[in-house]
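Enquirer: sequence plus the predicted model coming up.
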Amino acid sequence: METNMSSRAARAFFEAVPQNPTVLITAGLLAIVTAAVYLLSPGSNRAPALGETIPYFSNAYQYMTDMRSFLARAGKYLRSSSVVRFRLGPKKVYLVTKASNMQVLFRTTANVDTNIFFLMIQENLWASSKRDLDRFRNDPSGRLKNPAPGTEHIPAEKRYWAGLHHIFHEYLARTHESNALAANFQRQFAARLEERFPAGEWAAVRILEFVRADMTMAATTTLAGPRMLGLNPNLLRELWDFDEIAASLVWGLPKWINREAWKKRDRFNASCVRYLEDGWKDFDWDGPAASASWEPVWGSRYVRELVRWMRQCGFDKETMGGAMMILVIFGTNGNTIPIVAWCLIELVKDKDLLARVRAEIETTYVTDSATGTRTIDPQALVALPLFQSVFVEILRLHVSMNVTREAVGPITLGGYEIEKGAVLQAPTEISHFDEGVWGAPGHPAAEFWAERHLQYVDAVDEKGQVTRTPQFSMTGRSNDFFPFGGGVSICPGRFFAKQEIMLTAAMLVSRFDIEFVEWTTLDGSPSDRPAQNDVRWSGGASVPPDRDMKVRWRRRW
Ligand code: HEM
């Protein structure tokens, strides 16, 4: 869960410039202040600066209006220095790459703080009230069980970061809970497939459109129970409308500039508030359902514990609605759905790969001896070598996240001094495409290669017969790969995300005959080219395809 500070992010701002002289004047003043601050800063062992044509302006402008090109340009600088600096208004920003620097960013140290991005999202995306936002802002006690030194006097109920972190850790990241979520998701999604696609009948679907509807429904019911969609029949539209404009909200533009985006945010928030208010009516918090892995009122334990804690803290209803939007519906589906879509697209494109992945998946099916029902064993599934390699390759190529931290004290990165107050950003789109790390002969880093994360191991049996077995391997590269961020705020949903994504793709490719029909645009009309990353999402989220793939499929069983 993280959202976009990308091209879409400030398009609204720059589109507003010509109509709003106030905005233009503000931008001009910002540039002057920036220049003054910059010129007065003392020189030191500083990282090289990213060049620009109009000083103090062009980098910020491109960063906010065309993240894809900005990152491509920054990537060239980052080939010769692992840290590069530029200015974003009055903020000093350092772009960071290379495994050794990631270790510093993700290590729990007093001088690197992880809250900055979360606060920005809380303020602008999830409609948190000022009072509730200040509770987080003014809590210096940290996320861990033991309060940060010097903050021991803060009572447990006012340790908001730690309270939230505890819920993430206990009810999302723990194996028992993520396994329960995966089992439930498999049931929900299988029921949906059986209801929508009678066995033996061919149907035409567009992959992205299909997963945005059907997988989102199964995932939302798994996490939040059936009431979320039952009470809010327009929720899917609200979610994907919000996905389109989320980045433009991150900058906190006032309502009068960004009216449509605010409306979409508020509609989505109102649906989540409706769900919360309805759920409070008659749920028995002292009964057995309160600690069940899943029950029909709140769905998963994660959501139940989240709403219980927020209510105990006395958060305002919009803040609580916002948490449901971001931490349950948008932050999850907005990231998993594009990855599933890409996974299916790559498998359908390559018949040989599809057959090999199918054969692997077949080994993970188990049959219930009483009912005869066949289900996938999710633990076996996520350990398959080839399919896992495909999953990692898709994350590598299609998650573009500028993982963000703040230097709250001086630090050293890549041999350079970084001053207190600087923003640190590690763009996955640069590290994940580093030719030196990921490139292989005949398989440049920019291309999808299903086998990139496989190693073949030879074993000799007693008759001297050699068998080659593929093994999934990230050896030597794990610190260059961070689609889920890192350190204390690493995505707590990553285990469930992996199970959910691989289960969806596995159920479809193993139960359906699938044939490619054509590439389409997102509205369904024929496209003259295949899908590419939709660069509007560059820098802040999983990146969906900008074209859809139409297929014919038939459920075999
Ligand atoms: C492919 C899917 C996903 C990707 C790429 C992804 C990525 C991320 C990233 C990059 C962060 C920020 C980490 C950091 O700052 O170090 C994050 C945070 C988070 N993610 Fe995910 N995520 C995914 C799926 C999910 C799912 C399915 C859930 C929940 C079921 C989830 C829940 C969260 C939460 C609650 C946080 C906030 C953690 C905190 O600030 O402590 N994510 N995610």
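Expert: In hand now; what should we look at? Being a predicted model, the structure only gives us computed values, none of them experimental.

Enquirer: now residue 322: closest residue in space that isn't a chain neighbour?
Expert: The shortest distance from residue 322 to any non-neighbouring residue, by Cβ to Cβ, 6 or more residues apart in numbering, is to residue 126 (2.7 Å). All C-beta spots, glycine's among them, are computed from the backbone N, C-alpha and C.

Enquirer: how about that neighbour, what does it touch?
Expert: Taking Cβ atoms under 8 Å, 6 or more residues apart in numbering as the criterion, residue 126 is in contact with 269, 319, 321-323, 325-326.

Enquirer: quick one, phi psi at it?
Expert: Listed backbone geometry of residue 126 is phi -100, psi 20, with angles given as degrees, to the nearest 10.

Enquirer: what separates it from residue 222, distance-wise?
Expert: Applying Cβ to Cβ, to the nearest Å, the value for residue 126 to residue 222 is 21 Å.

Enquirer: name the element residue 71 belongs to?
Expert: Applying DSSP states H and E as the criterion places residue 71 in helix 67-77.

Enquirer: scratch that, residue 332
Expert: helix 331-349.

Enquirer: quick one: name whatever helix or strand follows that helix.
Expert: Following helix 331-349 in sequence order, the next helix or strand is helix 351-362 (DSSP H and E).

Enquirer: who are the packing partners of that next one?
Expert: helix 331-349, helix 385-398, helix 494-511 (3 or more Cβ pairs under 8 Å, 6 or more residues apart in numbering; DSSP states H and E).

Enquirer: save these as TSV, and put in mean neighbour count, mean pLDDT and distance to residue 93 too.
Expert: Converted to TSV, the helices and strands packed on helix 351-362 look like this (neighbours: other Cβ atoms under 10 Å; pLDDT from 0 to 100; distance: least, Cβ to Cβ, whole Å):
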stretch	mean neighbour count	mean pLDDT	distance to residue 93
helix 331-349	24	98	23
helix 385-398	22	98	24
helix 494-511	23	98	26
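
Enquirer: could I get the ones you listed as a markdown table with distance to residue 284?
Expert: What follows is those, written out as a markdown table (distance: least, Cβ to Cβ, whole Å):
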| stretch | distance to residue 284 |
| --- | --- |
| helix 331-349 | 27 |
| helix 385-398 | 40 |
| helix 494-511 | 26 |
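
Enquirer: can you list the ones you listed in TSV and add distance to the ligand?
Expert: Output for the helices and strands packed on helix 351-362, formatted as TSV (distance: least, Cβ to the nearest ligand atom, whole Å):
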stretch	distance to the ligand
helix 331-349	3
helix 385-398	6
helix 494-511	4
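
Enquirer: do you know how far the residue located most distally from the centre of the chain is from residue 256?
Expert: Relative to the centre of the chain, and counting by Cα atoms, centre = their mean, the farthest-placed residue is residue 463 at 49.3 Å. In this view, residue 463 and residue 256 are 79 Å apart by Cβ to Cβ.

Enquirer: enumerate the residues of the chain near the ligand.
Expert: With the criterion set to Cβ under 6 Å from any ligand atom, the chain comes near the ligand through 1-2, 114, 118, 165, 168, 172, 327, 331-332, 335-336, 339, 399, 401, 403, 483-486, 489-493, 496-497, 542.

Enquirer: tell me the buried residues within the residues you listed.
Expert: Buried subset of those (neighbour count, 16 or more other Cβ atoms under 10 Å): 1-2, 114, 118, 165, 168, 172, 327, 331-332, 335-336, 339, 399, 401, 403, 483-486, 489, 491-493, 496-497, 542.
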